[in-house]
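Trainee: coords below, sequence missing:
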Ligand SMILES: O=C(O)CNC(=O)[C@H](CS)NC(=O)CCC(=O)C(=O)O
């Protein structure tokens, strides 16, 4: 069947996901994009991804139950890949509790997620696992590890957050991630998944466009920023940063977020979303825990990159080869 679309099919997604809000754009008719483009198959054949939003607490078992329910729902709705936010495993009250609750990749929690991926037959982006790495004995610190599982439950990639969030924002309470966490040593090459080539990052990493450019130049089609964004920086920066990363890299951006109050000392902004390579928010979660869905249209991405070839127009002679090469 030959279909014509101008952008991913919102109407269909709203039917699938009643909680999904169709985005209101600030400049809805001023967009000089191709009027319509032909796609060779029905939009229903395009891969569907699910973005899960949760409120993690220090209760690991309860957090797993909540995430597993959302992942099962994502599978039931036909998603091939589900994204969980940073700290999907738990959000602790202090660094000592964070360290106490952490596990190695070979621990019980990852085993449960392996079983879940296999049972549901979908890929899982576990967006920020508190990982006791190989150097745990010496450092007594963890890594903030983004783990990608395939539909058989195998770990196909790991990326350890390279930019740690040590910031003091008035009104938000100080964050000092390096109290408990080591920065990752390297970027990870984008990974082929049923939805496209996924570039891995975590939360605060989104503030460093060099990283997203490096991933895009290494072939990423989908950038992922699983997050636990603060409640002061959230309203000011969250959507702007995600849309900017999508526009400048011409990638889909998927950002699963923590939301609500985790315990007496901490709350997160929520607003999980998927942004398309044009910068349009094509799916977003509503206030509380839940999920939203989006179709990934790589032929649209490729056409956009042809129409607007920014990667051919860069001037590394003027400002260096930012974000290139990856390794
Ligand atoms: O603490 C954990 O258990 C997991 N890690 C996090 O939640 C991290 C470090 S505190 N949060 C962020 O990076 C928020 C960044 C942010 O809010 C911004 O860039 O404005």
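Mentor: Structure received. If you're wondering where the values come from, they're calculated on a predicted model, not measured in any experiment.

Trainee: what does the protein put close to the ligand?
Mentor: 86-87, 91, 98, 128, 144, 165, 175, 177, 203-204, 207, 228-230, 233 (C-beta under 6 Å from any ligand atom). (Each C-beta comes from the backbone N, C-alpha and C, glycine too.)

Trainee: For the closest residue to residue 178 other than its chain neighbours, give me its contacts.
Mentor: Closest residue to residue 178 apart from its sequence neighbours, by C-beta to C-beta, 6 or more residues apart in numbering: residue 164 at 4.8 Å. Listed by C-beta atoms under 8 Å, 6 or more residues apart in numbering, the contact set of residue 164 reads 144, 177, 178, 181, 183, 204.

Trainee: again, only this time at 6 Å
Mentor: 177, 178, 181, 183 (C-beta atoms under 6 Å, 6 or more residues apart in numbering).

Trainee: Determine the number of other residues adjacent to the last one.
Mentor: Other residues near residue 183 number 14, with proximity taken as other C-beta atoms under 10 Å.

Trainee: Check whether it really touches residue 163, as I assumed.
Mentor: No. Assessed by C-beta atoms under 6 Å, residue 183 is found out of contact with residue 163, at 7.2 Å.

Trainee: Buried subset of the residues of the chain next to the ligand, written for ChimeraX?
Mentor: Entered in ChimeraX, the line below selects the buried ones among the residues of the chain next to the ligand, by 16 or more other C-beta atoms under 10 Å:
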select :86,87,91,98,128,144,165,175,177,203,204,228,229,230,233
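
Trainee: Which two of the residues of the chain next to the ligand have the greatest separation?
Mentor: 98 and 207 (21.9 Å; C-beta to C-beta).

Trainee: May I have the beta-bridge partners of residue 148?
Mentor: residue 125, residue 157 (DSSP bridges).

Trainee: so who does it touch?
Mentor: 125, 156, 157, 191.

Trainee: Kindly provide the distance from it to residue 303.
Mentor: 27 Å (C-beta to C-beta, to the nearest Å).

Trainee: got it, and residue 115?
Mentor: On the measure of C-beta to C-beta, residue 115 and residue 303 end up 40 Å apart.

Trainee: Between these two, point out the one with more neighbours.
Mentor: Legend: neighbour count by other C-beta under 10 Å for residue 115 and residue 303, higher for residue 303 (17 against 12).

Trainee: Figure out the helix or strand that that one lives in.
Mentor: helix 298-307 (DSSP states H and E).

Trainee: Skip ahead from that helix and say which helix or strand is next.
Mentor: Next along from helix 298-307, by DSSP H and E: helix 316-319.

Trainee: what's the spacing between that next one and its chain's center?
Mentor: 30 Å (C-alpha atoms, centre = their mean, to the nearest Å).

Trainee: That helix - contacts with which helices or strands?
Mentor: Using 3 or more C-beta pairs under 6 Å, 6 or more residues apart in numbering; DSSP states H and E as the contact definition, helix 316-319 packs against no other helix or strand.

Trainee: Give me the buried positions along that helix.
Mentor: So helix 316-319, judged by 16+ other C-beta under 10 Å, has zero buried residues.

Trainee: can you check stretch 113-127 too?
Mentor: 113, 114, 116, 117, 120, 122, 123, 124, 125, 126, 127.

Trainee: Narrow those to those in helices?
Mentor: Using DSSP state H, 113, 114, 116, 117, 120 are the members of the buried residues of stretch 113-127 that sit in helices.

Trainee: Mind putting these into TSV with pLDDT?
Mentor: Putting these into TSV (pLDDT from 0 to 100) gives the following:
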residue	pLDDT
113	98
114	98
116	98
117	98
120	98
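
Trainee: Looking at those residues, which one is closest to the ligand?
Mentor: Among those, residue 113 lies closest to the ligand (C-beta to the nearest ligand atom), at 17.1 Å.

Trainee: Counting neighbours, what do you get for residue 307?
Mentor: When neighbours are counted by other C-beta under 10 Å, residue 307 comes out with 12.

Trainee: Nearest residue to residue 81 in space, ignoring adjacent ones along the chain?
Mentor: Residue 81's closest residue in space is residue 123 (C-beta to C-beta, 6+ apart), at 4.2 Å.

Trainee: Quick check: that neighbour vs residue 196, distance?
Mentor: From residue 123 to residue 196 the distance is 11 Å (C-beta to C-beta).

Trainee: Can you show me the strands along the stretch 151-300 of the chain?
Mentor: For the stretch 151-300 of the chain, applying DSSP state E, counting those that start in this stretch gives strands covering 155-160, 166-167, 175-176, 191-193, 196-200, 222-224, 252-255, 259-263, 266-269, 273-275, 281-284, 290-295.

Trainee: Kindly state which of those strands is positioned closest to residue 52.
Mentor: The nearest among these, by C-beta to C-beta, is strand 290-295 at 4.9 Å.

Trainee: Rounded mean pLDDT for the closest one, please.
Mentor: Computed over strand 290-295, the mean pLDDT rounds to 98.

Trainee: and residue 278, what is it in contact with?
Mentor: Contacts of residue 278 (C-beta under 6 Å, 6+ apart): none.
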